[in-house]
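Q: give me a 3D structure for the following:
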Amino acid sequence: TNGLPLVILIYTGLRCGEMIALQWKDIDLEHNFIKVSKNIGVIQDEYEDRKVFIQDSTKTRKSRIVHLTTSAYKYLTQLYDLRTPNPNDYIVQITGERDYSGLRKAYNSICEKAGIDNHQGLHTLRHTFASLMIRKGVDIKIISEMLGHSSVSFTYNTYVHLIEEEKAKIIQQIDV
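A: Below is the predicted model:
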């Protein structure tokens with residue numbers, strides 16, 4: 001069950017903070033989408049006290065609808081069936097403060113068991129989603145909207161190396 005939220009991140013492109021803030025009432029399994037409108041925030045005061053809270057907006061202040069892939073739907077329903085939650089329950093079950101540590105611990109454990117020594121952290125799951133979309137030929141504007149980026153140019157600049165690789169592959173196909 002700890003790995004299911006991680007797999008869901010790969011198939012939705014959500015930010016980790018968005019996943020942690022996600023409640024079952026934000027998911028419409030009947031119509032196959034997630035409404036992403038919250039994120040976690042962290043405040044650290046001058047005494048180094050750290051406070052984690054749920055923000056009523058995403059990082060870019062844009063709510064969005066994320067349509068579910070077949071795999072995302074499958075893993076969300078598995079998670080739902082394991083927990084039979086209430087609508088106000090959070091997707092990611094956390095004991096203590098609502099932060100990244102539980103997801104990070106699960107991620108690190110899975111990487112370790114898989115023999116992955118140089119794992120780069122949870123955010124790579126979001127990059128994996130974007131990379132898969134680019135390799136499938138999805139328009140960069142759609143990818144940008146799905147990721148909730150502030151602009152299409154930000155998405156393009158972040159993934160330009162993959163876009164250039166895909167263009168090179170297409171050019172090679174023309175000569176065949």
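
Q: the worst-scoring helix or strand of the chain on mean pLDDT packs against which elements?
A: Least confident helix or strand, the chain: strand 50-55 with a mean of 79, by mean pLDDT, DSSP states H and E. Counting by 3 or more C-beta pairs under 8 Å, 6 or more residues apart in numbering; DSSP states H and E, the packing neighbours recorded for strand 50-55 are strand 39-44. Just so you know, the C-beta spots here come from the backbone N, C-alpha and C atoms, and that holds for glycine as well.

Q: ok, Val7 - how many residues close by?
A: Using other C-beta atoms under 10 Å, the number of residues around Val7 comes to 18.

Q: picking that back up, quickly run through the sheet partners of the least confident helix or strand of the chain, with directions.
A: strand 39-44 (antiparallel) (DSSP bridges).

Q: hang on, the earlier thing: pull the CA atoms of the least confident helix or strand of the chain into PDB?
A: In PDB, the C-alpha atoms belonging to strand 50-55 read as follows (Å, rounded to 0.1, in the frame of the first residue of the first chain):
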ATOM      1  CA  ARG A  50       8.600  23.800  11.200                       C
ATOM      2  CA  LYS A  51       4.800  23.900  10.600                       C
ATOM      3  CA  VAL A  52       3.200  21.900   7.800                       C
ATOM      4  CA  PHE A  53      -0.300  22.900   6.600                       C
ATOM      5  CA  ILE A  54      -2.700  22.300   3.700                       C
ATOM      6  CA  GLN A  55      -2.800  25.300   1.300                       C
END
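
Q: can you list contacts of the helix or strand that it is followed by?
A: Later in the chain than strand 50-55, the nearest helix or strand by DSSP states H and E is strand 64-67. With contacts defined as C-beta atoms under 8 Å, 6 or more residues apart in numbering, strand 64-67 is touched by 12-14, 32-37, 58, 145-146, 148.
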